[in-house]
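Enquirer: what follows is a predicted structure for the sequence shown.
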Amino acid sequence: MAEKLDLEVEKILETGVEFLKEYGVPSSAAFFYTLKGKFEIDPFDFRDKKMAKKRLKKIAKKHQATMVITMMDAMITKMSGSLLDPPYLLKKVIFAYGETKTESFGIAQEFECNKIGQIEFGNRIFFPVGTGSMTGFMTRAYC
């Protein structure tokens with residue numbers, strides 16, 4: 001496999017950012033890398049996470065995927081403020097997460113709509129290996 005997981009995840013996140021800038025709404029998709037090439041399912045429905053994970057496993061197994069990358073919008077919590085402030089603030093993000101049989105990598109790009117309806121981007125958050133809503137689906141796909 002010539003592709004490097006973290007670089008591919010970053011490329012996917014950038015396409016999500018560009019889509020959000022152009023259309024004003026986030027996109028959701030799943031990208032499968034196989035020995036025969038790469039293909040995408042766009043849009044991919046992540047509303048039922050259990051069903052989405054099951055479907056990702058099935059597709060990965062069927063096509064003998066070597067890497068799977070997902071992109072979705074999500075709400076995450078982030079520590080902020082002093083001890084007197086609410087401990088967590090919800091942030092809207094575009095979340096790109098990738099996994100191979102041996103590693104995982106995720107990045108979230110914060111965004112919000114300002115008062116006049118324009119998209120504003122915040123911090124980019126890099127997630128440690130082994131985190132994310134789909135963690136482990138590739139490593140368990142072939143069991």
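Expert: Happy to help now that I have it. Numbers count the residues shown, from 1 in each chain.
Enquirer: beta partners of the residue nearest the centre of the chain?
Expert: Centroid-nearest residue in the chain: Ala96, 2.3 Å away (criterion: C-alpha atoms, centre = their mean). For Ala96, the beta-bridge partners are Met71, Ile107 (DSSP bridges).
Enquirer: surely it and Gly106 touch.
Expert: Yes - between Ala96 and Gly106 there is a contact under C-beta atoms under 8 Å: 6.7 Å. Quick note: C-beta positions are derived from backbone N, CA and C, even for glycine.
Enquirer: low-confidence ranges in this structure?
Expert: Along the chain, the parts satisfying pLDDT under 70 run over 1-2, 78-89, 128-143.
Enquirer: so where do the strands sit in it?
Expert: For the chain, the strands defined by DSSP state E cover 29-34, 37-41, 67-79, 88-99, 104-113, 119-127.
Enquirer: for Ile59, find the nearest of those strands.
Expert: Between Ile59 and the strands of the chain, the tightest spacing by C-beta to C-beta is seen for strand 29-34, at 6.2 Å.
Enquirer: same for the lengthiest helix in the chain, what does it pack against?
Expert: Secondary structure assigned by DSSP state H gives helix 5-23 as the longest helix of the chain. Where contact means 3 or more C-beta pairs under 8 Å, 6 or more residues apart in numbering; DSSP states H and E, helix 5-23 is packed against strand 29-34, strand 67-79, strand 88-99, strand 104-113, strand 119-127.
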